[in-house]
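Q: coords below, sequence missing:
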């Protein structure tokens, strides 16, 4: 991850691919994706000074993955991301994203304990 002024960039795991229309830039021969803090609370927090330790050897469990905007940037950085989402519609986009990002494992399930919330199912999807 690179910070240049008030902009944040992650090395593109899938060169040439945009996930949500973000800007692609080359820095020292490597393609990076601009991480939009207006579309990602994590990016905004990092730009505001929050210390986040993400590295290429990590496996991340990301709860509330939605359609994959933030998750895609996390997958640019780490070894593997287990992305949990409970809604069917954004899961469709997440599954499509996982077809090209081999380190992204989407899972359709609720992250709340089932005894507190009966509206969630525990279905898992594999894009492969």
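A: Looks like it arrived, so ask away. Bear in mind that the values here come from a model prediction, so they are computed numbers and not experimental data.
Q: If you tally nearby residues, what's the number for residue 23?
A: Neighbours of residue 23 under the rule other Cβ atoms under 10 Å: 12. Heads up, the C-betas are built off the backbone N, CA and C, glycines and all.
Q: wait, it sits on residue 34?
A: Yes - applying Cβ atoms under 8 Å, one finds residue 23 in contact with residue 34, separated by 4.2 Å.
Q: so is the spatially most central residue of the chain in a helix, a strand, or just coil?
A: Among the residues of the chain, residue 71 comes closest to the average C-alpha position under Cα atoms, centre = their mean, at 0.7 Å. Taking DSSP: H, G, I helix; E, B strand; the rest coil as the rule, one finds residue 71 in the helix state.
Q: centre of the chain versus the helix or strand encompassing residue 96, how much separation?
A: For residue 96, the host element (DSSP states H and E) is helix 88-100. Put simply, helix 88-100 sits 11 Å off its chain's centre (Cα atoms, centre = their mean, to the nearest Å).
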